[in-house]
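Enquirer: Quick one, structure for this:
(3 chains)
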Amino acid sequence: MQAELEMNQEQDIQFKQMKKKKSKKRLDSWLLLLPALSIFLFFFLLPLVFLFITSFKNFDAATGIGHDWTLQNYAKFITDQFYLGVLWRTVKIALITTLAAVVISYPVAYQITKVRGRMKNYLTLLVLSPLLISMVIRCYGWVILLSNNGVVNNALMKLGLIDKPLTLLYTEFSVVIGMVHVLFPYMVLSIMGSLERIDPSIIRASQNLGAGPIRTFFSVILPLTLPGIFAGSVMVFSLAVSSFVTPAILGGPQVKVMSFLTYEQVSTILNWPFGSAIGFLLIFIATITIIIYSKLLTKSEKGVAIQ
Amino acid sequence: MRKVLPKACLNFFCILVYIFLAAPIVVVLLSSLTTTEYIVFPPKGITLRWYAELINHPEFMQSFTLSIMVALGTSVISTIIGTMASIAVVRYEFRGKTAVTQLIGSPLLIPSVVFGVALLQFFSWIGLAASPVALVIGHFILTIPFVMRLVVASLVGFDRSIELAAKNLGAGRLRVFFQITLPVIKSGVIAGAIFAFITSFDDLTVALFIVSTDVVTLPVRIYTYMQYQYDPIITSVSSIMILLTVILMVVIERILGVGKVFSSKN
Amino acid sequence: MSYLCLENVVKTFNKTEVVKKMNLEIKKGELVSFLGPSGCGKTTTLNMIAGFLDVDGGSIVVDGKPVHLLPPNKREMGMVFQNYALFPHMTVFDNVAYGLKLRKVPKSEINQRVLEALEMVRLSGYEKRYPKELSGGQQQRVSLARALVIKPKVLLLDEPLSNLDAKLRQEMREEIVDIQKKVGITTIFVTHDQEEALAISDRIAVMYEGRIEQVDTPVAIYNHPQTDFVSRFIGEVNQIQGHVVETFSGNQCKVSFDGYHQVLSCPGTKDTLIDFYLRPEKIQIYQEHSEGLRVRVERKMFLGAKTRYILQLKDQQFIADISNTVLNPDQIIEGQDVLAVWNPEELLATKK
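Expert: This next block holds a predicted model:
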């Protein structure tokens, strides 16, 4: 009797411990997230919120950031032809980059999905290798190639195609070249993904119905990979719009884009409020792209599902 | 004939693209060998003097060491914290989970220039000077979305019954994690660590705002140097970085296999 | 004296009870199957015994000690998982040795015990292989060796054969029973395959909607099902309705099946209808016989040793399985009328 009572008490205690265990599980997930979340809140969200506030402050020549609230920074951007020009150039460069990336990525992605075995690994590595090598160095390589007495100009002159060097460097052209080079792997990966998802029997079915390889490509393969092209394009576009290193090295002050403008305002002119405003306009453009993209994607996914 | 021609065109086009991809890297490597005082391609003569010249530029060596330390620190911290967060996101159901994942993924949406400016302002307000720690914090934010994506991918396909089996055989929670879970998701975690390392080592944009005259990472050093100089010393520094990357990749390929690293990427 | 004892075990998920006050006693060395359709709570119960799920009420006692509050790693139970759950990054040897290493068994003894365990499951020589280099059956054997090598108090098998193909499944189940008897370990075997359960179990616990419907030997379960669910779930049954035309003392009554009169023991009252279950293999058909239920042969299907006849009575269908050595199927033509006959003792009364 005594023993039974003791056992009951013991079980009672154990049951209480078990209840604790359950709430501990809930606690676990937050403990695991705590380091990541706290760093994020403190060093990501908070700085951005402060910067957002700064973009509504007036410029003070002495301290950089004044004390008054104003919409002046945004108004200044929207009303000034020069800044709107920079915005337009940024978007234009990103668009051309995206288009060029699609055109040169698709054949490469197609070729890689066709080969098998080790060759495939090597080609994939080759395509992805630019991602692994410092962006600064790659852009520097383009500086050597495109400068006035660089490789491209020398070659063209030797061939007698031109008499004096073309201005290739520090132009929108050089910025696009550099960006395509930097962002190309993202596009290839995205298109490869959609190519690999195509069920080979669909292609066989098309051939079986009498379509030649070219017809099969345009009527079957290309439409099925549109979502991949689309996803890659959005990624490349949003990275191109906000990229800094490539336009800074290959465009410099001659080809100003939004990110460079932000940098210049903050570190050279020390107009923090205006720099912040430009930065948030940039975030705005990038975010809009993504939102339009996800809206369109859900639509096109439905379309593919119907097919 | 009808089949051969398109294929030949395709291959030709692809070769052109591969040349385009390789061109800037090859140019950097080869121009570092030139005997001239200025950069020229193709190089005139072959010499290693621009590598020897680096001895007269200890600032490059300092920056290189700093960059390696920062990249290692970022990689370790980002991988540990990112793996923890990935486990929480994949394994547990809790309120606000979507908000948390979106927040941690959001640095991909924020242009790094803007983040760099925001961080600079914040650091100056709280009085955190340019330091390796400040760089690691900035790079942590940049890299954690990638780390989490890779680790989450390897956790999603994870068969949890092997954890139950280990428990059943007598293993406690920590043991289960270190002896069973971690070895199985190893390739995702290592891939995350490598990407974090490379991203940190490569970062110019954020570092540009955080560095001071004493604390300069290698990309910033190269960037500022080439604003004013156009001598081949940059090409020799760059070549060393390229070679190190290649060696790193070969080592990883030996340990893991390229296929594994990249297959877990998607 | 029971060795493993479930007392009023309850499990709730989101306020629904998936295991309802379950009681079960298992003797030492016994092999008991949990048999039931998916969602009946059999795997949930197994997971509570293993400790992967907490019990929400009641207790689980092993060898006189309550274990339901212990974490799974302290319960000393060996488990074989449905998908084998081998550690993919360890060799066969390391998989089997894992539990022993955790128990700090000396190295030489680990070596010896692992080799013995692998020999028992006929996998000697596979020590250095990795799980992915083994076939499904071999993986299952490793899993069994891994569970048994720690000499657990209870062996838990969670649908261990469901991922194997039919032939291998039969071989493996014989092997499992052999090993289980040799080791003499108390075993719980979860399955949804009744043939499997009937073939290997000392006793079967038939489960349905979180309850144990009946615990009995395979023969008793098949021949004397205690509930409607058990009758329908184990084996195949025809449902047949009889009309009580007369009652006698001692629960005897005369029942008419569309004119086929039989006297049997059942608690009926005069002029009521009673439903019975009747197994297909208990029906005989004759072209001519003194009595029987007149039905039409709708279809016949030759199944090798036996033939299945689909019999039509008004708007109702029956099946009868008859051994081809008893009745040559060529003698019966589809569409012909026959007499169906059965022994009244084979009728299983329904519980409504």
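
Enquirer: who's in contact with stretch B:44-52?
Expert: B:32-36, B:231-233, B:235-236, B:240 (Cβ atoms under 8 Å, 6 or more residues apart in numbering or on different chains). Every C-beta, even on glycine, is put in place using the N, C-alpha and C of the backbone.

Enquirer: Can you give me the pLDDT of whichever residue of chain C sits closest to chain A?
Expert: Nearest to chain A in chain C, going by Cβ to the nearest Cβ, is residue C:69, at a distance of 4.1 Å. Here, the pLDDT recorded for residue C:69 equals 89.

Enquirer: That one: neighbour count?
Expert: Number of residues near residue C:69 (other Cβ atoms under 10 Å in any protein chain shown) recorded here: 19.

Enquirer: Would you mind giving the secondary structure of it?
Expert: coil (DSSP: H, G, I helix; E, B strand; the rest coil).

Enquirer: filter the contacts of stretch B:44-52 down to the ones close to chain C.
Expert: Filtering these for proximity to chain C by Cβ under 8 Å from any Cβ of the partner chain leaves nothing.

Enquirer: So which of those residues are in helices?
Expert: B:233, B:235-236, B:240 (DSSP state H).

Enquirer: which one of those is nearest residue B:19?
Expert: residue B:235 (19.6 Å; Cβ to Cβ).

Enquirer: Near the closest residue to the closest one other than its chain neighbours, how many other residues are there?
Expert: Nearest non-adjacent residue to residue B:235, counting by Cβ to Cβ, 6 or more residues apart in numbering or on different chains: residue B:32, 3.8 Å away. By other Cβ under 10 Å, the residues close to residue B:32 number 23.

Enquirer: Make sure residue B:32 is actually in contact with residue B:241.
Expert: No - at 11.1 Å, residue B:32 does not count as touching residue B:241 under the criterion of Cβ atoms under 8 Å.

Enquirer: Distance-wise, check residue B:15 relative to residue B:60.
Expert: According to Cβ to Cβ, to the nearest Å, residue B:15 stands 36 Å off from residue B:60.

Enquirer: Neighbour count for these two, which is higher?
Expert: Using other Cβ under 10 Å, the more surrounded residue of residue B:15 and residue B:60 is residue B:60, with 22 against 11.

Enquirer: which SS state does the more buried one fall under?
Expert: Per three-state DSSP, residue B:60 ends up helix.

Enquirer: can you pull the contacts of it?
Expert: The neighbours of residue B:60, taking Cβ under 8 Å, 6+ apart as the test, are B:54, B:218, B:221, B:233, B:237.

Enquirer: One more pass at 6 Å, please.
Expert: B:54, B:237 (Cβ atoms under 6 Å, 6 or more residues apart in numbering or on different chains).

Enquirer: what's the answer for residue A:134, then?
Expert: B:202, B:241.

Enquirer: Can you pull the residues of chain B lying near chain C?
Expert: Contacts of chain B with chain C, taken as Cβ under 6 Å from any Cβ of the partner chain, map to B:161-162, B:164-165, B:167-172, B:183-184.

Enquirer: what about 10 Å?
Expert: Counting by Cβ under 10 Å from any Cβ of the partner chain, the residues of chain B close to chain C are B:159-173, B:175-176, B:179-180, B:182-184, B:186.

Enquirer: Can you pull the poorly scored residue ranges out of the chain?
Expert: Answering for chain A, as no chain was given. A:1-25, A:299-307 (pLDDT under 70).

Enquirer: I was thinking of chain C, sorry if that wasn't clear
Expert: Using pLDDT under 70, chain C drops low at C:1, C:351-352.

Enquirer: so the residue nearest to residue B:235 touches residue B:26, yeah?
Expert: No - checked against Cβ atoms under 10 Å, the pair residue B:32 and residue B:26 is beyond contact range at 11.1 Å.

Enquirer: Find the residues that touch each one of these two.
Expert: residue B:242 (Cβ atoms under 10 Å, 6 or more residues apart in numbering or on different chains).

Enquirer: coming back round to it: among the contacts of stretch B:44-52, which ones are buried?
Expert: B:32-34, B:231-233, B:235-236, B:240 (16 or more other Cβ atoms under 10 Å in any protein chain shown).

Enquirer: in the helix or strand containing residue B:104, what's buried?
Expert: In the assignment (DSSP states H and E), residue B:104 maps to helix B:97-105. Within helix B:97-105, the residues that count as buried by 16+ other Cβ under 10 Å are B:100-101, B:103-104.
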